[in-house]
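K.L.:
sequence-free structure coming up:
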């Protein structure tokens, strides 16, 4: 189960988000196709540019607090991270502006690296990946748009189904999973930097707090009901004669909805016709 899109269109072109995705892909293509099949060369490269907690704790290689964000350990690692950045990055860039979002992204990545280092200061294996910085984006997204709608693709063997759930549920479960795995498994046993994810997520919320407070804090939620402060979109699937499904995107009308942020009643499958009485199939009356 993983997210494939949100119903929260940005109102300006997210040039920085697109540029970050392009940079990650281009950097990956400069080294992985050439040394990816040689574990020794790959680890030497990661040792120079990845974040190694033991080195950073001693005050060495401070540049790796940022350089590790642009490296990945494989094709699926890259694709998964870029998918999450594409879904959640544009909306924070819309709020913070292009330069502000870039600073937010880099600061979240650095905070995630520090969180990973503090979880095990003597850990000798380098960490790579944009997931810590993207976790910060997800944390900021949760604070600003807790009731934005997220489409989740669920794959059960040969069955594919898309469901729509609120952002607070998807992101809250993701964060809880990072904490649980960080305590129960740890990076040394799984190879996944769970504490970097958790640290980046918390950092994203903290960094975004001034923006949320300037907009009214709880009053902002009361005004927007936890949803994007603009029209969201609907995705409806239709079948063509060729049998290939076609997805149509429509704007959803705005309106009031005084249900609490935690309301989960009548969550519909994605692609269903919107019912104005349902908080997550449009949720505006």
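P.N.:
Everything's here; your move. What you are looking at is a predicted structure, and each value in this text was computed from that prediction instead of being measured.
K.L.:
what sits against residue 40?
P.N.:
Residues near residue 40 by CB atoms under 8 Å, 6 or more residues apart in numbering: none. Every C-beta, even on glycine, is put in place using the N, C-alpha and C of the backbone.
K.L.:
if I've got this straight, it is in a helix?
P.N.:
Yes: counting by DSSP: H, G, I helix; E, B strand; the rest coil, residue 40 is found in a helix.
K.L.:
Can you report how many residues lie near residue 217?
P.N.:
For residue 217, the neighbour count with other CB atoms under 10 Å is 11.
K.L.:
do the one 4 residues further on as well
P.N.:
Burial measure for residue 221: 20 neighbouring residues, criterion other CB under 10 Å.
K.L.:
Please tell me how far it sits from residue 19.
P.N.:
31 Å (CB to CB, to the nearest Å).
K.L.:
Likewise for residue 48?
P.N.:
Counting by CB to CB, the gap from residue 48 to residue 19 is 24 Å.
K.L.:
which residues touch the nearest residue to residue 167 once chain neighbours are set aside?
P.N.:
Leaving aside its chain neighbours, residue 167 sits nearest to residue 148 (4.4 Å; criterion: CB to CB, 6 or more residues apart in numbering). Residue 148 is in contact with 6-8, 91, 141, 166-167, 226-228, 232, counting by CB under 8 Å, 6+ apart.
K.L.:
which among the residues you listed end up buried?
P.N.:
Among the contacts of residue 148, those buried by neighbour count (16 or more other CB atoms under 10 Å) are 6-8, 91, 141, 166-167, 226-228, 232.
K.L.:
Restricted to helices, list the residues you listed.
P.N.:
91, 141, 167 (DSSP state H).
K.L.:
I'd like those residues as a markdown table, with pLDDT and distance to residue 52 appended.
P.N.:
Formatted as a markdown table, these follow (pLDDT from 0 to 100; distance: CB to CB, whole Å):
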| residue | pLDDT | distance to residue 52 |
| --- | --- | --- |
| 91 | 94 | 33 |
| 141 | 96 | 30 |
| 167 | 92 | 34 |
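K.L.:
Tabulate the residues you listed in TSV, adding columns for distance to residue 107.
P.N.:
What follows is those, written out as TSV (distance: CB to CB, whole Å):
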residue	distance to residue 107
91	18
141	15
167	22
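K.L.:
Pick out whichever of those sits closest to residue 114.
P.N.:
residue 141 (21.3 Å; CB to CB).
K.L.:
just to revisit the earlier point, what does the pLDDT read for the residue nearest to residue 167?
P.N.:
Predicted confidence (pLDDT) for residue 148: 93.
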